[in-house]
Structure formats: C-alpha cells, structure tokens
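Visitor: Predicted coordinates and the sequence they were generated for:
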Number of protein chains: 2
Amino acid sequence: MNEFEFINKYFKPLTSKEAQNLTNDAALYKPKLNTDIVISTDSLAEGIHFFGNENPRDIAKKCLRVNLSDMAAMGAKPVFYNLSISVPKNKANIFIPAFAKGLKEDQEAYNIKLIGGDLTASLKHINITITIFGETPSNQAVSRNGAKINDFLYVTGYLGLSKIGLDNYSSNSKDLRQAKQKYLLPQPRVNLGMELRDIATSMIDVSDGLVQDATHLAINSNLSLELNVNQLPLPNLKSLQKKELLNAALYGGDDYELLFSCKENESRLGDLSKKYNIKITKIGVFKKFQKIYLNFKGFDELPKKISYSHF
Amino acid sequence: MNEFEFINKYFKPLTSKEAQNLTNDAALYKPKLNTDIVISTDSLAEGIHFFGNENPRDIAKKCLRVNLSDMAAMGAKPVFYNLSISVPKNKANIFIPAFAKGLKEDQEAYNIKLIGGDLTASLKHINITITIFGETPSNQAVSRNGAKINDFLYVTGYLGLSKIGLDNYSSNSKDLRQAKQKYLLPQPRVNLGMELRDIATSMIDVSDGLVQDATHLAINSNLSLELNVNQLPLPNLKSLQKKELLNAALYGGDDYELLFSCKENESRLGDLSKKYNIKITKIGVFKKFQKIYLNFKGFDELPKKISYSHF
C-alpha cells in the first residue's frame, strides 16, 4: 500500500466532520460560542518512550492517553486529535493496521475523533506525535498557578506504579502485573478532571514524577508546599521494599494521575471518588512562600534524586 | 542542557500569549467571533524529507513553510503553530540552537508564533512535526471541491524547480542554483492565498506534483480538467532539456505553488500578480465530467509516471 491507501483504509474511518474526509489541505474547526480551546502535544519516540516490540495497538492507546491526561489536567473535555506517524517502510504493513485498531478502540472509550495529520516513512524508528484539542467553558480551564495559602494538595490513584512496571518490565511476577499494565496503558482521569474544574484551584498531571510536578504547582502559585510523605498512596506490592515504593512514588514518571490543590472539601471529593471509583488522597498543604518551594514532612532530609531528562 | 533548559532558552522566547509561557499542561486559545480555525500538520523525517546535513536553520524554515503553504491553500491567515521535535542526544546541542534561530526568523517573516509542543530524545534520526493554525472569516475557507464548469485553472510561480533542485543537489552549476534554493526553502504564497479567498472556487498547494494535485481538484469537484501542457510555466534553465523540465513540472513535488480554479478574471489576477511579484499562469479549464478526470492538451499521450509514495 502507498500512504494514500493506508490513510483511506485505516485513518479516514476514524475522522470527525472537521477533517472533511481528509479531502482538503487542512481541517476546518468551527469553534463553539463561549468556549476556550485547549491544545497539547506529546510525542512518543521508539526506543525512548516505548521499546518497539509492544503491540502497536497499545502504543496507539498510550500515545492518545498521555495526551488525554493533559486535557484532564486542564479540566478540559477532549474533542479531537491530530496524528502524525513516521514509520520505516518495512514496518508499515504490520504496524499501521494494529495501531489504527488501538486508536479506534480508545476513540470510542474517550469519545474523541481524528481531525487530520500526516503519514510518512522514516529511516529506522517509529515516531508518533499527537496534538489533542479540548474545550472548556470560557475562562474555566484549570491552570498550575491558582493554589492559595492553606489549600490542600490531593492526588488520584496510586503513585509510582508505572515506574515500577517499567523497572520490572521483564518480570513475570503476578504481584507486579498491575504495575506493568499501568506502564503500558495509563488511565487518564478525563471525567474526573472535568468535574474538578469547579473546585481545583490548580492542577497538573503526574507525568514527570510527583516531586517535579508538585514543585511546578508551588512555583507557579508562588507558595511553599509541605508534602506529607507518610500520606503518599503507595501501591500494595509485597515483592518490593517500602524504600523502593517511596522512590518510585516521588520520582517515577508516567503515572498520569491528577495532582491538584483545593480548599478542604472532603464530602465533594468523597462523592467524586465513589462516582469514578478512583482513590483521592490528601498529601500536602500549601503555605506562604518561605525559602524553598517544596518541604517534605515525615522524611528526615530532602530526597536528592533528580527526575528523568531527555538530554 | 536538559530539555527544560533547552525549552526555556530557545523555545519559550518564541511563544505567543496562548502558550502561557509554557507553564501549563496545554495552550489556551480563545477563538475570535465569526472565525473558523484551519488546522494542518506536516512532519519532516531525517533521511526522508531532508538529508540531515543541511543547516538546521533551513530545516526549521522548510518545516514551517510546508505548513504555511497548507494555510495559503485554504486562504487562511496563519496565526500560530505547535512544534514537536525528537532529536538524538548527541545532536541536540548543535541542532536545537540553530533550528530555533530559523524558527525565529520565519516567525517574524510570516507573523506567526509558537503555542507549545514537545521536545524529546530519539535514538538515531531527527523527526519534526509542526501543526499549524490559521483563521478565516466563517465559511470562507477555500476547499478543493468548488470548481465549476468553465472555470479556468491557474498556477503561481514556476513548476518543477524544487524537483530539479533535489535531483541536482550536488551540482555546482550556477544555472541550477535557483532550483536548489527552491528545494531547500520553499516560498509559501501566504498573502496571495488570503487574497484569492474571494475569487478562487477551489485551491490546493502543489506539494505532490501538478498531475496528482490537479487531479485532486478535478475529483473533489467532480469535473474533468483539461490541462494545457504547452502553457505550463517552466523555469528557464539552459542546462536541462525540455523533456526534463516538463517531467519535473508534471510530477515533481515540493513546489508549494498555489493551484486554483476561478472564473476568467484577468484584471484582478494581473493586479495580484503585480502586487506580490508572483507570476500567475492559466494552464487549464474545467469541463463537465467525461470518462477521466484529467486530460492533457498539447501532449500525445497521458504521461504515465506516478508520483512519490512513502511506502
């Protein structure tokens, strides 16, 4: 197949009306009244973000989901996405059909559609870029800079699972199956993110590790954050020591949980937790800025490990 | 430098207010009233779309310009763009500063800004994806499907130059310098495209070669197009034979000229041609559909060469 045949067979069926059946040079989007558009991009590079021997269906889902998680962190409703894939010629026939199947399944799960993109060859490795578009009512997107003094810090789900899954990718332990699954297929908190729009004063998704992402909220809100390390929601994994769990929770990336500040609102958060069956844990409190942005409570000294860097 | 340092030093200065200083998970775009948003994506892969030994400044410009050309083809005013780059670790220090310099220069030339993106490592080759955003007054974007019977087909500039430049990339002939330059740095017809919004009934940019792109207009408008091969604007290159020039004009990609249909309107087109100093040539006419979409006039048989395919 040439690229037009690939596009017609596998990608055109995934498109929204804005894509106009991919018959133009560009997609045409008519924005709704009183609506802001939220736009984010994440790329996955073979050998960096994924091994390359995963099922392409899962790679497609991971790429969509890391982008969906950015929409969740803004409190936005995801509506459509743009996709660019570069694939070596000798992998295209195997990769593209399975990849498109993954897109289709997650499009249905998250109620989004494709609006356009580009399909090209590459010399050796697969590269995928998704730009996702979401909507919020005007001026209601949640930012990273709105935390107030005495707001509490909450996080969804468990922390560190994805890093544990990655570090134990070749393990066959049943105890670690859930962690590997979380690494392969994150669960972006899209519906919960939209509901938090009303009460979260700042929000981010945990993609670079708790320490780094919590620090973003503190810096942007110009406050100090006191993180209660004893309260972190650690997964119940018997094969790992507490120290390993804690390290993964503090520094592991790719959790795609929501980290947000709000005033004490236990009953509303309890209701949301039940509605979506997602644990929500209070793990810190914001204070007037003093000296440093992030203080650890229940920990003798500041853990020093730095987070992942691409370069 | 890690990716945050690269981003802060080289990319943050290029951003628009929608990027919010890159301090959030996503950009926030407040659409204007009565305005449609036009969105397009083009990727460039090392070894496929560029050699890799070009000046990164020119690679940046080429990537922006192929995207700008899609805006021109829709009659849209480009406003901002999203950028994703994957670069091998050992190339980042050299590549990124020069690449960002190219972006800066073309941002100023075309009055656009960066709204966000992603910077990651890659294993071996550079991959660049730009998603560009343009605006048109509601319902005024030009599509590929509006050509009417007796509309003429026009094209801007000269055809085939970029393919000739690519085929003679290692030549030192002065005669071919202009062609090499056109291959390296296309000239998207952005301002002219916006002005053609009023009179063009259909439009496309010549990126896959005249035959293929003209056929898109005919198919989407459901008409037959009679292409007058004797009228094609061939570049004046003494070192090449007419047959080579014609082949490049018909099948060469990457010209990024505008190909559009409109009613006879010589005086308006003459004015636009003078205003922008861009040749505009009548090269065909649309007829009621009969048998095939594309007929060649002044040519004994249908040239059979097919256009470039990635796979």
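Guide: In hand now; what should we look at? It should be emphasised that the depicted structure is a prediction, and the values quoted were computed from it without experimental measurement. Numbering: from 1, shown residues only, chains lettered A, B, ... in the order given.

Visitor: A:Tyr29 bridge partners, please.
Guide: For A:Tyr29, the beta-bridge partners are B:Ile37 (DSSP bridges).

Visitor: Around it, how many other residues sit close by?
Guide: Residues within reach of A:Tyr29, counting by other Cβ atoms under 10 Å in any protein chain shown, total 22. No exception for glycine: its C-beta is placed from N, CA and C like everyone else's.

Visitor: contacting residues for it?
Guide: A:Glu18, A:Ile115, A:Phe133, B:Asp36, B:Ile37, B:Val38, B:Ile39 (Cβ atoms under 8 Å, 6 or more residues apart in numbering or on different chains).

Visitor: So which of these is the closest to A:Asp198?
Guide: Taking Cβ to Cβ as the measure, A:Asp198 lies nearest A:Phe133 of the contacts of A:Tyr29, at 22.0 Å.

Visitor: Show the contacting residues for that closest one.
Guide: A:Tyr29, A:Ile37, A:Val38, A:Ile39, A:Pro78, A:Val79, A:Phe80, A:Tyr81, A:Asn82, A:Ile115.

Visitor: What of A:Asp36?
Guide: Applying Cβ under 8 Å, 6+ apart to A:Asp36 gives the contacts A:Glu135, A:Thr136, A:Pro137, A:Ser138, A:Asn139, A:Gln140, A:Ala141, B:Leu28, B:Tyr29, B:Lys30, B:Pro31.

Visitor: pretty sure the fourth one is in contact with B:Lys30, am I right?
Guide: Yes. Under the criterion of Cβ atoms under 8 Å, A:Ser138 makes contact with B:Lys30 at 7.1 Å.

Visitor: quick revisit: include pLDDT when you put the contacts of A:Phe133 into TSV, please.
Guide: TSV is the format used below for those (pLDDT from 0 to 100):
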residue	pLDDT
A:Tyr29	94
A:Ile37	97
A:Val38	97
A:Ile39	97
A:Pro78	98
A:Val79	97
A:Phe80	97
A:Tyr81	97
A:Asn82	96
A:Ile115	97
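
Visitor: Filter those residues down to the ones in strands?
Guide: Of the positions in the contacts of A:Phe133, A:Tyr29, A:Ile37, A:Val38, A:Ile39, A:Pro78, A:Val79, A:Phe80, A:Tyr81, A:Asn82, A:Ile115 sit in strands, assigned by DSSP state E.

Visitor: Of these, which pair is most distant in space?
Guide: The span of those, defined through Cβ to Cβ, is set by A:Val38 and A:Ile115 at 14.6 Å.

Visitor: And for the longest helix belonging to chain A, what's in contact with it?
Guide: As assigned by DSSP state H, the longest helix anywhere in chain A is helix A:89-110. For helix A:89-110, contacts defined as Cβ under 8 Å, 6+ apart pick out A:1, A:6, A:10-11, A:13-14, A:55-61, A:64-65, A:68, A:78, A:83, A:85, A:87, A:112-114, A:119, A:121, A:126, A:188, A:190, B:310-311.

Visitor: immediately after the helix or strand harbouring A:Thr136, which helix or strand?
Guide: In this assignment (DSSP states H and E), A:Thr136 forms part of strand A:127-137. Next helix or strand after strand A:127-137 toward the C-terminus (DSSP H and E): strand A:152-156.

Visitor: What strands flank that next one, and is each parallel or antiparallel?
Guide: Looking at strand A:152-156 with DSSP bridges, its partner strands are strand A:258-262 (antiparallel), strand A:280-288 (antiparallel).

Visitor: Phi and psi next, for A:Leu161.
Guide: phi -60, psi -40 (degrees, to the nearest 10).

Visitor: on that earlier part again, so for the strand holding A:Thr136, what's the average pLDDT?
Guide: Averaged across strand A:127-137, the pLDDT comes to 97.

Visitor: cool, stretch A:149-163 as well?
Guide: Computed over stretch A:149-163, the average pLDDT equals 97.

Visitor: Pull out the buried residues from it.
Guide: The neighbour-count check on stretch A:149-163 (16 or more other Cβ atoms under 10 Å in any protein chain shown) flags A:151-163 as buried.

Visitor: Would you reformat these as JSON lines and include distance to B:Ala45?
Guide: Listed next are these as JSON lines, based on distance: Cβ to Cβ, whole Å:
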{"residue": "A:Asp151", "distance to B:Ala45": "45"}
{"residue": "A:Phe152", "distance to B:Ala45": "46"}
{"residue": "A:Leu153", "distance to B:Ala45": "42"}
{"residue": "A:Tyr154", "distance to B:Ala45": "42"}
{"residue": "A:Val155", "distance to B:Ala45": "38"}
{"residue": "A:Thr156", "distance to B:Ala45": "37"}
{"residue": "A:Gly157", "distance to B:Ala45": "36"}
{"residue": "A:Tyr158", "distance to B:Ala45": "38"}
{"residue": "A:Leu159", "distance to B:Ala45": "36"}
{"residue": "A:Gly160", "distance to B:Ala45": "35"}
{"residue": "A:Leu161", "distance to B:Ala45": "34"}
{"residue": "A:Ser162", "distance to B:Ala45": "29"}
{"residue": "A:Lys163", "distance to B:Ala45": "30"}
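
Visitor: Show me which of the residues you listed is closest to B:Asn168.
Guide: A:Ser162 (50.7 Å).

Visitor: show me what contacts that closest one?
Guide: Shown in contact with A:Ser162 (Cβ under 8 Å, 6+ apart): A:Ala179, A:Lys182, A:Tyr183, A:Pro186, A:Gly252, A:Gly253, A:Asp254, A:Asp255, A:Tyr256.

Visitor: What's the separation between the first one and A:Cys63?
Guide: Pointing back at A:Ala179 there. Using Cβ to Cβ, to the nearest Å, A:Ala179 is found at 20 Å from A:Cys63.

Visitor: circling back to that earlier point, show me which of the contacts of A:Asp36 is closest to B:Ile48.
Guide: B:Tyr29 (30.8 Å).

Visitor: hang on, the earlier thing: mind listing the strands the strand holding A:Thr136 pairs with, and their directions?
Guide: Strand pairing for strand A:127-137, using DSSP bridges, gives strand A:35-45 (antiparallel), strand A:77-88 (antiparallel).

Visitor: Dump these to CSV, plus distance to B:His216.
Guide: Formatted as CSV, the strands paired with strand A:127-137 follow (distance: least, Cβ to Cβ, whole Å):
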stretch, distance to B:His216
strand A:35-45, 28
strand A:77-88, 20
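
Visitor: And those: which comes nearest B:Pro233?
Guide: Nearest of the strands paired with strand A:127-137 (Cβ to Cβ): strand A:77-88, 32.0 Å.

Visitor: Tell me how many other residues crowd A:Leu114.
Guide: Using other Cβ under 10 Å as the criterion, the residues surrounding A:Leu114 number 24.

Visitor: now do the one 5 residues further on
Guide: One way to gauge burial is a neighbour count; for A:Leu119, by other Cβ under 10 Å, it gives 21.

Visitor: what sits opposite it in the beta ladder?
Guide: Here A:Leu119 sits in beta bridges with A:Ile85, as judged by DSSP bridges.

Visitor: Could you pull up the residues touching it?
Guide: A:Leu119 is in contact with A:Glu3, A:Phe6, A:Ile7, A:Phe11, A:Ser84, A:Ile85, A:Val87, A:Ile96, B:His310, counting by Cβ under 8 Å, 6+ apart.

Visitor: ok, the first one touching A:Val87?
Guide: No. Contact criterion Cβ under 8 Å: A:Glu3 and A:Val87 do not qualify, at 9.8 Å.
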